[in-house]
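Trainee: Take this sequence and fold it.
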Amino acid sequence: MLQIAFIRENQEKVIKALAKRNIDAKSVVEEVVQLDENRRGAQVELDNTLSESNKLSKDIGELMKAGEKAKAAILKEKTVSLKEKSKELGEKAEALAAELTNKLYTLPNLPADIVPEGKTPDDNLNVFEEGDIPVLHEGAQPHWELVKKYDIIDFELGVKITGAGFPVYKGKGARLQRALINYFLDKNTAAGYNEVQVPHLVNEASGYGTGQLPDKEGQMYHSTIDDLYLIPTAEVPVTNLFRDVILNESDLPVLHTAYTPCFRREAGSYGAHVRGLNRLHQFDKVEIVRVEHPEKSYEALDGMVEHVKNILQELKLPYRILRLCGGDMGFTSALTYDFEVFSTAQDRWLEISSVSNFETFQANRLKLRFKDKDGKNQLAHTLNGSSLALPRVLAGILENYQTPEGIVIPEVLRPYCGFDIIN
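Mentor: So this is what the prediction gives:
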């Protein structure tokens, strides 16, 4: 979340920045500043009351030593009332602090200066495009038809077992899925990311730590009896490894990668754009997460973008990179680049990765800090990216690599698959 001191000292800047997200934040910012003023006022009054009470306790001790019990008794009566007052003030300050925190949770991150203006995905800025769009043979099919033809993914069986959006991968489809996961992890670890295996369920504190709660509460599967949430992305448990942690400056940067299934209760819609693998409630994803020094986080973001580019170049998939506009950017992000692959059979672009810098937004919630050279605690910057999300990458491979003889496996994946064609 945003730091209250920054909001207090930069009210107009915050309001203007959030306007880029098409949010009129004036009233909320004013309310936040007023709550903070009230909280600080209550805290000052509490501190003064406690100080007075402590002074009286010392005076009482001295009077008792001097044998002046009557005077000491009068002061004791005052300390009783001061204790009652301090209790009330403590409860007031605590309530105001909780109200302030809850209000801060409603404010998204401030967009970076280079985030373009805009309200919808149509306003995103295409900053890079690479790869030749293949010319497919007559009778080429979208992936949801191909998987039936070659019996490698069964959507109907998933509906029987669970419901829509939970496919069953079979035979070479399952092996290709596993090959992609291993390939992505190998690419990430070769680039210096430390592989971790993390829980697929998280507690409420973890959801708040990375900003999924309360913003995305309706999209998360919630196990109410245990009050745990199925993860929507490995970003949540991996970044929460550092909740309430103070690193040394020499520890930075920290680089982690993880494979997890992901679960999202997104509102359903109909049409070809959500058919097959285009939108699922359970899907596999390999994630990269970084904890960076604030002065180096945007250099790190550029490095993450280049890393994902390299993977797509090796897969030989046509792709483009979009800088998201203010209206299409995630709640926690300061700057996001989306990667999309072109699906020739569907004649449309499919999002397969988001790479984002959150600056101090998550770190402030997580209390993730590092000791600088002067020994002072500073908030770190956090970043994450999909490297990569599997369903639409798989859809792109199935559709763009199809031939009359079968689906050719990208050369870089053949050692992982153990076969070079699905037929």
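
Trainee: the helices in the protein, which residues?
Mentor: Listed in chain order, the helices of the chain (DSSP state H) span 4-9, 11-19, 26-65, 69-104, 143-150, 155-161, 171-190, 204-210, 235-239, 297-315, 361-366, 390-400, 414-417.

Trainee: Near the closest residue to residue 244 other than its chain neighbours, how many other residues are there?
Mentor: Using C-beta to C-beta, 6 or more residues apart in numbering and skipping the chain neighbours, the partner closest in space to residue 244 is residue 367 (5.1 Å). All C-beta atoms are positioned from the backbone trio N, CA, C, and that covers glycine. Using other C-beta atoms under 10 Å, residue 367 has 14 other residues around it.

Trainee: Tell me which of the helices of the chain approaches residue 334 most closely.
Mentor: Among those, helix 361-366 comes nearest to residue 334, with 6.8 Å by C-beta to C-beta.

Trainee: Can you tell me what sits against the closest one?
Mentor: 1-3, 109, 208-211, 239-240, 242-245, 332-334, 368-369, 379-382 (C-beta atoms under 8 Å, 6 or more residues apart in numbering).

Trainee: cool, stretch 289-298 as well?
Mentor: If you take C-beta under 8 Å, 6+ apart as the criterion, stretch 289-298 is touched by 234-235, 238-239, 242, 247, 249, 252-258, 300, 304, 335, 357, 359-360, 368, 370, 378-384.

Trainee: Determine how far that stretch lies from the middle of the whole chain.
Mentor: 15 Å (C-alpha atoms, centre = their mean, to the nearest Å).

Trainee: distance between the ends of that stretch?
Mentor: Start-to-end span of stretch 289-298 (C-alpha to C-alpha, to the nearest Å) is 14 Å.

Trainee: How about stretch 366-377?
Mentor: Note: stretch 366-377 ends 14 Å apart using C-alpha to C-alpha.

Trainee: roughly how far out does it sit from the chain middle?
Mentor: Using C-alpha atoms, centre = their mean, the mean C-alpha position of stretch 366-377 is found 22 Å from that of the whole chain.

Trainee: Check the model's average confidence along that stretch for me.
Mentor: Stretch 366-377 shows a mean pLDDT of 96.

Trainee: I'd like the distance between the residue lying farthest from the centre of the chain and residue 3.
Mentor: Here the chain reaches farthest from its C-alpha mean at residue 67, the gap being 65.2 Å by C-alpha atoms, centre = their mean. Distance, residue 67 to residue 3, by C-beta to C-beta, to the nearest Å: 54 Å.

Trainee: And for residue 197?
Mentor: As judged by C-beta to C-beta, residue 197 and residue 3 stand 33 Å apart.

Trainee: what about these two, which has more around it?
Mentor: More neighbours surround residue 3 than the other of residue 197 and residue 3, with 15 against 10 (other C-beta under 10 Å).

Trainee: Surely residue 64 and residue 70 touch.
Mentor: No. Checked against C-beta atoms under 8 Å, the pair residue 64 and residue 70 is beyond contact range at 11.0 Å.
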